[in-house]
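Asker: sharing a model that was predicted from the sequence below.
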Amino acid sequence: MGLVALGGAWCGGPYAWLPPFASLSLALVVPPAPDPATQVLTWMLLPPGTTAGTWTALVLAVAGTAVYAVGGPRR
């Protein structure tokens, strides 16, 4: 949700799908590793309840919603 909201504010409505797609594409090519930076990059592929995945999703949701609420969609 947060990445789509960021995409809507940054790229506009028709291209709001770009940030989630880019994030998932990046997660698919980064090799899995136990370090926190890699876990943040691959947060979409982590099992539910993983600390890094949960916090990354929460931060993106809050940031995306705030940016979209303040700036609105790009036209």
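Answerer: Perfect, I can see it now. Numbering: from 1, shown residues only.

Asker: burial count for Val59?
Answerer: When counting by other CB atoms under 10 Å, one arrives at 13 neighbours for Val59. Every C-beta, even on glycine, is put in place using the N, C-alpha and C of the backbone.

Asker: adjust the sequence numbering to begin at 164 for everything that follows.
Answerer: Shifting the count to begin at 164 puts that one at Val222.

Asker: against Gly175, how distant is the closest residue in space to it that isn't next to it in sequence?
Answerer: Nearest residue to Val222 in three dimensions, chain neighbours excluded: Gly165, at 7.7 Å (CB to CB, 6 or more residues apart in numbering). Distance, Gly165 to Gly175, using CB to CB, to the nearest Å: 17 Å.

Asker: neighbour-wise, which of the two wins?
Answerer: Taking other CB under 10 Å, Gly165 and Gly175 do not tie; Gly165 has more neighbours (21 against 13).

Asker: which ones are touching that one?
Answerer: Ala220, Val222, Leu223, Ala224, Val225, Ala226, Gly227, Thr228 (CB atoms under 8 Å, 6 or more residues apart in numbering).

Asker: what are the boundaries of the helices in this protein?
Answerer: 165-173, 181-192, 199-204, 214-234 (DSSP state H).

Asker: tell me which other helices or strands the second one touches.
Answerer: So that's helix 181-192. helix 165-173 (3 or more CB pairs under 8 Å, 6 or more residues apart in numbering; DSSP states H and E).
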